[in-house]
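*Asks:* coordinates only, sequence not included:
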Ligand code: UD2
């Protein structure tokens, strides 16, 4: 489906407003709907007022109706399995220990070369924040959710702090790290308003750009009919973070990057307050490693256990790919080596560097970006076509279609994967409780900070189970990396942290 509000992105300001394309007549829209077998969405037309009629026509203009019959055939009437043709082998990764005998690499050299790209203004930060965050049960853009373990700094603020720190440390005078934030039509306005209310977290307004991703209609299970959320409104959902590849181009964001001289995009999700929004080592490796085409690279962590809900890096038919956890055959997920370790242990933490040239290529080759859809069966509130009453289904009633950004990996000429340490940079907040929750995120932030502080000579209190008896948070503006705490001019550290204390540095 097309991105609905091209060109909602106004590169030089944050004041993008939702402005649906208009102008389509009822007649032409009805003809498109009839051809797609979806005329039922006009069922309530006679009773709609002018404003609601206009809104419905505008919404329909934003949907690629012509592709709907094919989608219904391929994804609703059948449930396609993931395409795992060809040999499936574990991915080759740059190990966390750069001195490892079987694959040594020069971390410092890549750090320096990545830092040079940042210094020259060739790198931008890119955050995908268009998701609905339904698992967290938070009513608002996920980036507004408190992320800082002690300060409750919003997740957007945590990313902004990293960008500010990287900018101050690496950029030449007058050079900035622009930040592109992908929203979705449902959270765009609220996201921009939140940045405004927080004075852009200290960044310059003109260096933060927002653009909404595309949407897809929810298709009724069994029939493939597009559902109505209201009598004048389709039930639409964001088209997945894979929609970013197209949205970057059609929104004008890509052109803005090219005009600024940005060559590499540091891609991260909005659920992880420890994320290194700009990582010189990773950027350098991506751009300069001999086995990288410099188009799209990824970070991995060793999976915590076979059932961890992260995609897995593998070489599928000779190409670096991610197999999403829900598509991973159980036999492969559980396969172990002689030492008992998982054979497919490279978990994706959804961090990539993507070149602007690659994004441009994907948007121009053939008929444009072709990413496979992934089907999810969901409960979607909708209007009953017979009664006009609102239905809140108790069981899944609709197919939601999304594309995933990592499906672009096999389209790159050569794609590398870098291993990192999950305690250093992976503390996602996805659920209200349990794994990947606010609680586990605080624990990981505390663990990382306790490691760093211990190395800097600070005594940390521990509980009998060995976990820190305190809550700690270190802002990237204080220290981006562990060594920064001991650097000349670093902040004065206490000799010890008290039992049960909450400390933010
Ligand atoms: C994602 C990966 C998973 C693993 C994990 C690590 C997918 C499908 N799975 O799982 O393999 O790497 O992250 O944390 O990606 N988003 C949008 N628009 C959309 C949908 C999502 O911007 O239409 C953003 C969303 O705001 C969030 C990110 O993408 O920042 C992750 O989305 P998710 O929560 O659906 O993916 P998750 O956590 O299941």
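*Replies:* The structure has been received and is ready for your questions. Just so it is clear, the structure is predicted and the values come from calculations on it, not from any experiment. Residues are numbered from 1 along each chain as shown.

*Asks:* what does the stretch 201-350 of the chain put close to the ligand?
*Replies:* 213, 238-241, 269-271, 310-311, 324, 348-350 (Cβ under 6 Å from any ligand atom). For every residue, glycine as well, the C-beta is placed using N, CA and C.

*Asks:* ok, so of these, who is nearest residue 486?
*Replies:* residue 349 (27.1 Å; Cβ to Cβ).

*Asks:* hang on, that closest one in a strand?
*Replies:* Yes - counting by DSSP: H, G, I helix; E, B strand; the rest coil, residue 349 falls inside a strand.

*Asks:* quick one: contacts for it?
*Replies:* 272, 299-301, 310, 420, 422, 425-426, 428 (Cβ atoms under 8 Å, 6 or more residues apart in numbering).

*Asks:* so where is the protein shaky, pLDDT-wise?
*Replies:* The chain contains residues with pLDDT under 70 at 1-23, 365-368.

*Asks:* returning to that earlier point: which one of the residues of the stretch 201-350 of the chain next to the ligand is nearest residue 204?
*Replies:* Among those, and counting by Cβ to Cβ, the member closest to residue 204 is residue 270, at 20.3 Å.

*Asks:* residues near the residue nearest to the closest one when sequence neighbours are not counted, how many?
*Replies:* Once flanking residues are discounted, residue 270 sits nearest to residue 129: 4.0 Å by Cβ to Cβ, 6 or more residues apart in numbering. When neighbours are counted by other Cβ atoms under 10 Å, residue 129 registers 26.

*Asks:* enumerate every residue touching residue 129.
*Replies:* 141-143, 156, 181-183, 187, 191, 269-270.

*Asks:* would you check that residue 227 makes contact with residue 382?
*Replies:* Yes - with contacts counted by Cβ atoms under 8 Å, residue 227 reaches residue 382, the gap being 4.1 Å.

*Asks:* what is in contact with these two at once?
*Replies:* What both residue 227 and residue 382 touch, as defined by Cβ under 8 Å, 6+ apart, is the set 218, 235, 397-398.

*Asks:* from those, which two are the most distant?
*Replies:* 235 and 397 (10.1 Å).

*Asks:* shared neighbours of these two, anything?
*Replies:* Common neighbours of residue 235 and residue 397 (Cβ under 8 Å, 6+ apart) are 227, 380, 382.

*Asks:* for those, which one is nearest residue 161?
*Replies:* residue 380 (36.4 Å).

*Asks:* what count of nearby residues applies to that closest one?
*Replies:* Neighbours of residue 380 (other Cβ under 10 Å): 21.

*Asks:* which residue comes closest to it once chain neighbours are left out?
*Replies:* Nearest to residue 380 is residue 398, by Cβ to Cβ, 6+ apart, at 4.2 Å.

*Asks:* related to what we said a few turns ago, take the contacts of residue 129 and keep only those in strands.
*Replies:* 181-183, 269 (DSSP state E).

*Asks:* among the residues you listed, which one sits closest to the ligand?
*Replies:* residue 269 (3.4 Å; Cβ to the nearest ligand atom).

*Asks:* how about the contacts made by the residue nearest to that closest one when sequence neighbours are not counted?
*Replies:* In this structure, residue 269 finds its nearest non-sequential neighbour in residue 350, 4.9 Å apart by Cβ to Cβ, 6+ apart. Each residue near residue 350 by Cβ under 8 Å, 6+ apart is listed here: 268-269, 311, 405-406.

*Asks:* could you identify the most distant pair in these?
*Replies:* Taking Cβ to Cβ, no two of these sit farther apart than 268 and 311, at 15.1 Å.

*Asks:* which of the two has more residues huddled nearby?
*Replies:* residue 268 (25 against 22).

*Asks:* dihedrals phi and psi, residue 321?
*Replies:* phi -140, psi 170 (degrees, to the nearest 10).

*Asks:* gap between it and the ligand?
*Replies:* 12 Å (Cβ to the nearest ligand atom, to the nearest Å).

*Asks:* can you check residue 473 too?
*Replies:* 20 Å.

*Asks:* who are the neighbours in contact with that residue?
*Replies:* 148-151, 445-446, 449, 503-505.

*Asks:* and the residue in the stretch 51-200 of the chain positioned nearest to the ligand, what is it in contact with?
*Replies:* Closest approach between the stretch 51-200 of the chain and the ligand, counting by Cβ to the nearest ligand atom: residue 131, at 2.8 Å. Residue 131 makes contacts with 142, 184, 238, 241, 270, as judged by Cβ under 8 Å, 6+ apart.

*Asks:* just send the contacts of residue 129 back as a markdown table, with neighbour count too.
*Replies:* A markdown table is the format used below for the contacts of residue 129 (neighbours: other Cβ atoms under 10 Å):
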| residue | neighbour count |
| --- | --- |
| 141 | 29 |
| 142 | 25 |
| 143 | 26 |
| 156 | 26 |
| 181 | 25 |
| 182 | 28 |
| 183 | 28 |
| 187 | 22 |
| 191 | 27 |
| 269 | 21 |
| 270 | 28 |
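
*Asks:* now do the helices in this protein.
*Replies:* Using DSSP state H, the helices of the chain run over 26-36, 50-61, 68-71, 107-119, 155-170, 188-197, 243-250, 253-260, 280-288, 330-334, 356-364, 422-425, 438-455.

*Asks:* off-centre distance for the fourth one?
*Replies:* The reference is to helix 107-119. 24 Å (Cα atoms, centre = their mean, to the nearest Å).

*Asks:* on contacts alone, who are the packing partners of that helix?
*Replies:* Judged by 3 or more Cβ pairs under 8 Å, 6 or more residues apart in numbering; DSSP states H and E, the packing partners of helix 107-119 are helix 155-170, helix 280-288.

*Asks:* give me the helices and strands touching the last one, please.
*Replies:* With contacts taken as 3+ Cβ pairs under 8 Å, 6+ apart, helix 280-288 sits against helix 107-119, strand 264-269, strand 296-302, strand 346-355, strand 417-419.

*Asks:* next, the buried residues of it.
*Replies:* Of the residues in helix 280-288, 280-287 count as buried by neighbour count, 16 or more other Cβ atoms under 10 Å.

*Asks:* what angle separates that helix from strand 264-269?
*Replies:* 130 degrees (axes from the mean of the first three to the mean of the last three Cα atoms, to 10 degrees).

*Asks:* interface residues of the stretch 1-150 of the chain facing the ligand?
*Replies:* 128-131, 142.

*Asks:* ok, 8 Å please
*Replies:* Within the stretch 1-150 of the chain, the positions adjacent to the ligand are 127-133, 135, 142 by Cβ under 8 Å from any ligand atom.

*Asks:* JSON lines for those residues, including distance to residue 29?
*Replies:* Shown next, in JSON lines, are those (distance: Cβ to Cβ, whole Å):
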{"residue": "127", "distance to residue 29": "35"}
{"residue": "128", "distance to residue 29": "31"}
{"residue": "129", "distance to residue 29": "31"}
{"residue": "130", "distance to residue 29": "26"}
{"residue": "131", "distance to residue 29": "29"}
{"residue": "132", "distance to residue 29": "27"}
{"residue": "133", "distance to residue 29": "32"}
{"residue": "135", "distance to residue 29": "35"}
{"residue": "142", "distance to residue 29": "34"}
